[in-house]
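Undergrad: Any chance you can model this:
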Amino acid sequence: MNFEYTNIIDSKYRPKLFYKKNKSDRRVGVEIEYSNLPLLNSAAVVSSLFGGNIVEVNKYKVVLKKTKYGDFTFELDAMFLQKIESKGLFTKLSSVIGTISSDINDLLEKTSKKFIPFEISSPPIPISKLPLLDNMIDKLRLQGALGTTYSFQYAFGVHFNIEPPSDEMGDILKIFKSFLILQKWIEVQSELDIARKMSPFINDFPKEYIRLVVNKEYNPDKEHFIEDYLFYNPTRNRVLDMLPMLAHWDEKRVRKQLPDEKINPRPTYHYRLPNSKIDLFRWNLSVEFQLWVIVELLANNEKLFEEMSEKFFKKIEKAIFSKDEWVEECQKCVLELLS
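TA: Numbers count the residues shown, from 1 in each chain. Sure, this is the predicted structure:
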């Protein structure tokens, strides 16, 4: 996206997301994966901006407590570690990182610099304050934090936890539909890293599910939305993970079907697609968030939303879906939204 459009989105359209329907601040939390900057050093950087008290929980987790906006958490990605351990990948990695030690600290010292991301999880902050996290990114970069573009071995992402504008099913569903419509265009704009695209963490929704949701006749209540979502998507590994929202609505129902998944119930869209480019000087979270702003612009434009819904539904009904043609159609739509 060119510089002119990024300025327009930031100055004119991002402010439309600042408040919920009830006029309270609408918030966003951010999870950032990176490497090459230990947890305590990272916490010290963030504390210099947000204050708070640094607490070392263990070697793999540090918490910055009682900042103005809440607690920041710094972790070695334990789930990632568990997954590669369960698949026996440490043994395979020994050809790259040398002999594997039985000492877990030695193991982590060797692997974390090459394969396992550190992760910062921010508390929810007002969307209007997102530039504060851009300052945090700048400081982490200057201290040596590295992102996914630094090495082909990295597949680091950024996750936005975006509060919906209201708790009404109609509002939540329309934004979800808009994301599905624009997803392929967003992937192009995001310059999605190949290593991340090949990873299992940001899989596409099944075509049958997309067809169900974008049908204009699909207007479920929360109970039926949960039922359909879990049937087609019994996993966290989606580009837009709705499980936190579903668990917020009915945790017992979600836990029953997915007892082993790590799900934090909260009213958010868990948007997992963006790359972590923390080492690139022109990259920041506000720019990355602009693609989500466009999703909501479409949701709030009745005429274009109806047109794009109908066109997309016809496209995916065909035996062969041309991604390039649809991305081109989305590009025309986005330019009209921003005009």
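
Undergrad: Tell me the spacing between residue 47 and residue 282.
TA: Per C-beta to C-beta, to the nearest Å, residue 47 is found 26 Å from residue 282. C-beta: built from backbone N, CA, C; applies to glycine.

Undergrad: what about the closest residue to residue 206 other than its chain neighbours, how many neighbours?
TA: Of all residues not flanking residue 206 in the chain, residue 232 sits nearest, at 5.3 Å (C-beta to C-beta, 6 or more residues apart in numbering). Burial of residue 232 is recorded as 17 neighbouring residues (other C-beta atoms under 10 Å).

Undergrad: Just confirm residue 232 contacts residue 210, I think it does.
TA: No. Judged on C-beta atoms under 8 Å, residue 232 makes no contact with residue 210 at a distance of 9.1 Å.

Undergrad: ok, now which ones touch the residue nearest to residue 206?
TA: 205, 206, 208, 209, 212 (C-beta atoms under 8 Å, 6 or more residues apart in numbering).

Undergrad: nearest to residue 332, of those?
TA: Set against residue 332, the nearest of the contacts of residue 232 by C-beta to C-beta is residue 205 (23.5 Å).

Undergrad: Can you classify the closest one as helix, strand or coil?
TA: Following DSSP: H, G, I helix; E, B strand; the rest coil, we place residue 205 in the coil state.

Undergrad: Look at it and say how many residues are nearby.
TA: The number of residues packed near residue 205 is 20, by other C-beta under 10 Å.

Undergrad: so what's the residue lying closest to it once chain neighbours are set aside bridging to?
TA: Nearest residue to residue 205 in three dimensions, chain neighbours excluded: residue 238, at 6.1 Å (C-beta to C-beta, 6+ apart). Beta-bridge pairing of residue 238 under DSSP bridges involves residue 203.

Undergrad: just use 39 as the starting number from now, easier for me
TA: Right, with 39 as the first residue, what we last looked at is residue 276.

Undergrad: so which strand or helix has residue 71?
TA: Assigned by DSSP states H and E, residue 71 falls within strand 65-72.

Undergrad: residues in contact with that strand?
TA: Here strand 65-72 makes contact (C-beta under 8 Å, 6+ apart) with 115, 155-165, 168, 171, 175, 178, 183-186, 194-201, 306, 314, 316-317, 323, 327.

Undergrad: Please apply the same query to stretch 356-376.
TA: Stretch 356-376 is contacted from outside by 43, 46-47, 51, 219-220, 222-223, 226, 245, 332, 335-336, 339, 342, 345-346, 349-350, 353, using C-beta under 8 Å, 6+ apart.

Undergrad: picking up where we left off before, buried among the contacts of residue 270? Make that a PyMOL selection.
TA: Selection of buried members from these for PyMOL, criterion 16 or more other C-beta atoms under 10 Å:
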select buried, resi 243+247+250
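
Undergrad: Distance across stretch 159-171, terminal residue to terminal residue?
TA: Chord length of stretch 159-171, first to last residue, is 11 Å (C-alpha to C-alpha, to the nearest Å).

Undergrad: What residues of it count as buried?
TA: Of the residues in stretch 159-171, 159, 160, 161, 162, 163, 164, 165, 166, 168, 170, 171 count as buried by neighbour count, 16+ other C-beta under 10 Å.

Undergrad: so the first one sits right up against residue 110, yeah?
TA: Yes. In this structure, residue 159 sits in contact with residue 110. The criterion is C-beta under 8 Å, and the distance is 6.9 Å.

Undergrad: of residue 85 and residue 320, who's got more company?
TA: Using other C-beta under 10 Å as the criterion, residue 85 and residue 320 rank with residue 85 on top: 16 against 6.

Undergrad: farthest-separated two in the buried residues of stretch 159-171?
TA: 159 and 166 (20.1 Å).

Undergrad: what's the average pLDDT for stretch 317-324?
TA: The pLDDT scores in stretch 317-324 average 91.

Undergrad: actually stretch 107-122, not the one I wrote
TA: Averaged across stretch 107-122, pLDDT comes to 77.

Undergrad: do the same with stretch 47-66
TA: 95.

Undergrad: Between its first and last residues, how far does it reach?
TA: End to end - C-alpha to C-alpha - stretch 47-66 spans 17 Å.

Undergrad: Likewise for stretch 293-300?
TA: 10 Å.

Undergrad: what's the average pLDDT for that stretch?
TA: Mean predicted confidence for stretch 293-300 is 91.

Undergrad: And it, what's buried?
TA: For stretch 293-300, by 16+ other C-beta under 10 Å, it's residue 296.

Undergrad: can you give me how far that stretch is from the chain middle?
TA: 20 Å (C-alpha atoms, centre = their mean, to the nearest Å).
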